[in-house]
Every structure is written in structure tokens, then in C-alpha cells.
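S.K.: quick one, structure for this:
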Amino acid sequence: MMQTIKDVPEEDIVVGGGPLCAGCPAVIGFKLALKALGKKTIIINASGCFTLFVTYPWMPVKAPWIHNAIENAGATASGIYRALKILKKEKDTTIMIYAGDGATYDIGLQSLSGAITRGEKFIYISYNNQCFSNTGVQMSSATPFGARTTTTPPGRKNPLGNIYHPKPIAKMMADQGAAYVATASIGYPLDYMNKLLKAKEKKNQPAFIDLLCPCPPGWGFNHSKTIELAKLAVDTGAWPLYEIYHGKFMLTYKPTKLKPIEKYMEMQERFRHLKKKDISKIQKWVNEQWLSLTLGRYWEGFK
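M.R.: Numbers count the residues shown, from 1 in each chain. Here you go, the predicted model:
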């Protein structure tokens, strides 16, 4: 386990050169993942923002990379896993899926669900920027309540923007039988990398990690604030950090006192249309969710 930054391997498997946005959190999450998992990793990338990271003539990754359609990352992982079994190399190689929330919560959910059901060994990381950033910042099932997107614009009939709360994808994956499930944030890198190491320990079983990746252009904030916002999401309870390991639920980081959700929301253009009463409503929902997590009620009945 990594206790301090000194425990993080020095070797860089991601060497730079990709043409993504300044402050792109998906790059940070990807670099940290390969620091934890090492060179013997086969990367599967479903179409999305991050697809542009490895595009001819750029190849900034010193590990095998497979790009596929947005809907079939899980099926691709199944094929690779079975090929490795035939070659008797499945124990020496890590299969890592790196896909956005659109490819995870929505378009690729069927493929992911099938792969989890089959119990094949892979680590699925959803770099979650809470919208379809690559195609114009449309709403996804990961978009938070009250957020403005190009498909949920606030107006007279609906001044709130998005009127739905995010799909509980982590709980869904745990209930379906993923051996290890966790949430993570690029604002807490050691927590994230240690969760990857635990996921890697699971022999011949699937693992799922939902990684919060604040998107500067999609959310509307200066790219210099990416890490600050990723931390604030955790510290306000907007993005709790937890894991389900050996069948047990545990919060992996618990702030002494939650900061007001308004501090998190006021930094983002996507929430600027909300009124005080709307933010109070969201604060109440966050408080209820946090209480249910800390008391274990949200996971009652989980086996």
C-alpha cells in the first residue's frame, strides 16, 4: 500500500504529448492508474474525450492500447481475458478499461453488465466528468441534479436544468457481483492508487472504480482549479469516497465536518443559474445521502 508520495513508483508509463485540454483530469487519472498498475497492463479505451490522447502520430503511452466503440469496452475486455487464458498469461497481465461516464453509465452499460455477470478479470475505471464532454457537454446519467448542460438548459418551464439525480452505478456494480467496487477522486491520489492495488489483488474477478474528473470546459471553471475542485467535491459530500471490499462497505475518507455544498457549486458555471432555495434543496439531499452512508443505511441488504 502507498502511505506517502514517496511510495509512488518513479517510472512514468505515460510520457506526455497528447493533445487534450489544459488541466484535463482524465489524463491525471490515467497517469496515476498506470503508476499503480505498472507496465504489464493492457488498456481498453472506449470512444470519448480521452480517445484523442492516443491519436496518430501521438503515442504517449508505453503500454498496449486498444481503442474501441463507445458501447463495447466490456465485451472487448472479455475477449482479451479469454485470449490471455488460452496463452496462460492472465495472471501476469492486468486488463484496464478506461472509459467516460457516457460510455459507462449509459451507452456501454449493457456491455459492462455482461462482463461483470461473466466474472472475467478486469479493472474498469470510469473517468467521470458527469456529462458527454466530447460531443458538446450533453447530459449523461452521471450529471448531477441542477446542472446546466446543452441538453438540460435552464428556462422558464424548467429553471433547474437537470432534474434527475445520478444513477447509483457503484451500488449497481456491487449488487451485480463485482468483486471490488470503489469511488475515487483525482484530488485524493493515494486513496485512488491504493484502491487500484486492491482491485488488482482480486484474482480472476472484475473490479469497478468510479473516478471523479472535474472537466474545466464542461463544468465551466479555470483549468488551474481542477485539483482544488476535485478535493472540494469530496470535502462537501458531493462525491463521497468509499469501497466495497471483501463484501464490506467502508468510507475511505471521512471529513471531520462537511463544507457547505455552495462552496463547491459557486466555482462552476453549470450551477450559476440556481437560486438560494435550489442550493438549499441540494444541500439537504447531500446531507441525507451522507447520513445514510455514515450509518450504513444506504447499503442495508447488500451481501
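S.K.: element containing the residue nearest in space to the middle of the chain, please.
M.R.: Closest to where the C-alpha atoms of the chain average out (CA atoms, centre = their mean) is residue 211, at 2.4 Å. Secondary structure assigned from DSSP states H and E places residue 211 in strand 207-212.
S.K.: surely the residue nearest to the centre of the chain and residue 32 touch.
M.R.: No - the criterion here is CB atoms under 8 Å, and residue 211 misses it with residue 32 at 9.1 Å. Backbone N, C-alpha and C define where each C-beta goes, glycine included.
S.K.: give me the common contacts of these two.
M.R.: 186, 192 (CB atoms under 8 Å, 6 or more residues apart in numbering).
S.K.: check residue 272 and give its pLDDT.
M.R.: Looking at residue 272, its pLDDT is 97.
S.K.: what's the answer for residue 296, then?
M.R.: 72.
S.K.: which of the three states applies to the closest residue to it other than its chain neighbours?
M.R.: Distances taken as CB to CB, 6 or more residues apart in numbering place residue 249 nearest to residue 296, at 6.7 Å, with adjacent residues excluded. Classification of residue 249 by DSSP: H, G, I helix; E, B strand; the rest coil places it in strand.
S.K.: correct me if wrong: residue 249 contacts residue 242.
M.R.: Yes - assessed by CB under 8 Å, residue 249 is found in contact with residue 242 at 6.5 Å.
S.K.: neighbour count winner among those two?
M.R.: residue 242 (20 against 17; other CB atoms under 10 Å).
S.K.: break down this structure into its helices, ranges please.
M.R.: Secondary structure of the chain (DSSP state H): helices located at 25-37, 73-86, 101, 109-118, 169-176, 189-201, 226-235, 261-265, 276-294.
S.K.: what does the fifth one contact?
M.R.: This means helix 169-176. Contacts for helix 169-176 (CB under 8 Å, 6+ apart): 104-105, 112-113, 116-117, 126, 141-142, 181-183, 208, 210, 242, 244, 298-299, 302.
S.K.: distance of the nearest residue to residue 199 once chain neighbours are set aside from residue 197?
M.R.: Nearest residue to residue 199 in three dimensions, chain neighbours excluded: residue 207, at 3.5 Å (CB to CB, 6+ apart). Here the criterion is CB to CB, to the nearest Å. By it, residue 207 lies 11 Å from residue 197.
S.K.: repeat that for residue 276.
M.R.: 43 Å.
S.K.: between these two, tell me which one has more neighbours.
M.R.: Neighbours per residue (other CB under 10 Å) separate residue 276 from residue 197, with residue 197 holding more: 12 against 8.
S.K.: look up how far residue 184 lies from the nearest residue to the more buried one once chain neighbours are set aside.
M.R.: Spatial nearest neighbour of residue 197, chain neighbours left out: residue 36 (5.7 Å); criterion: CB to CB, 6+ apart. Applying CB to CB, the value for residue 36 to residue 184 is 11 Å.
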